[in-house]
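In: Provided below are the primary sequence and the corresponding predicted coordinates.
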Amino acid sequence: MTDTTWPYLDVHQSRTREPTPYEFQLAATLEEVFTQEGHELADVVRGLNARKVRTPDGTPWTEESFRIEIDRLGA
């Protein structure tokens with residue numbers, strides 16, 4: 001018997017489309033950076049740049065460009 005008191009939650013319920021290859025790569029690299037480098041913004045930026053994962057326009061990350069891109073991806 002199914003418990004109907006809990007709402008159904010889909011893990012991807014807020015997703016409006018499949019992630020792009022860039023988004024998959026960024027997510028995987030962020031997981032690696034969080035595990036190996038740390039969670040501070042400077043650690044994340046340094047880790048992305050060390051792994052040669054660039055911004056969408058191909059430039060190295062800065063703290064500002066990371067904030068802008070994460071905000072864009074979260075919109």
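Out: Arrived safely. Residues are numbered from 1 along each chain as shown.

In: where do the helices of the protein begin and end?
Out: 21-36, 41-50, 63-74 (DSSP state H).

In: pick the most deeply packed of these.
Out: With neighbours defined as mean count of other CB atoms under 10 Å, these peak in mean count at helix 41-50, which reaches a mean of 16. Any C-beta I mention is one placed from the backbone N, CA and C, and that applies to glycine too.

In: which elements pack onto that one?
Out: Secondary structure elements in contact with helix 41-50, counted by 3 or more CB pairs under 8 Å, 6 or more residues apart in numbering; DSSP states H and E, are helix 21-36, helix 63-74.

In: hang on, the earlier thing: I'd like the helices of the chain as JSON lines, with mean pLDDT and distance to Pro56 appended.
Out: Written out in JSON lines, the entries for those read as follows (pLDDT from 0 to 100; distance: least, CB to CB, whole Å):
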{"stretch": "helix 21-36", "mean pLDDT": "96", "distance to Pro56": "7"}
{"stretch": "helix 41-50", "mean pLDDT": "98", "distance to Pro56": "12"}
{"stretch": "helix 63-74", "mean pLDDT": "95", "distance to Pro56": "7"}
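
In: in TSV, list the ones you listed along with distance to Arg15.
Out: Formatted as TSV, the entries for the helices of the chain read as follows, by distance: least, CB to CB, whole Å:
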stretch	distance to Arg15
helix 21-36	11
helix 41-50	22
helix 63-74	11
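
In: ok, back up a step: quick one: which of the helices and strands packed on helix 41-50 is nearest Asp57?
Out: When those are compared by CB to CB, helix 63-74 sits nearest Asp57, at 8.8 Å.

In: helix 41-50 and that closest one, what's the angle between them?
Out: Taking axes from the mean of the first three to the mean of the last three CA atoms, to 10 degrees, one finds helix 63-74 and helix 41-50 inclined to each other by 90 degrees.

In: export helix 63-74 as PDB, just CAs?
Out: Extracted in PDB, the C-alpha atoms of helix 63-74 (Å, rounded to 0.1, in the frame of the first residue of the first chain):
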ATOM      1  CA  GLU A  63      34.800  35.000  -8.400                       C
ATOM      2  CA  GLU A  64      32.600  37.500 -10.200                       C
ATOM      3  CA  SER A  65      32.200  35.300 -13.300                       C
ATOM      4  CA  PHE A  66      31.400  32.300 -11.200                       C
ATOM      5  CA  ARG A  67      28.700  34.200  -9.300                       C
ATOM      6  CA  ILE A  68      27.100  35.400 -12.500                       C
ATOM      7  CA  GLU A  69      27.200  32.000 -14.200                       C
ATOM      8  CA  ILE A  70      25.700  30.100 -11.200                       C
ATOM      9  CA  ASP A  71      23.000  32.800 -11.000                       C
ATOM     10  CA  ARG A  72      22.300  32.300 -14.700                       C
ATOM     11  CA  LEU A  73      22.200  28.500 -14.300                       C
ATOM     12  CA  GLY A  74      19.900  28.700 -11.300                       C
END
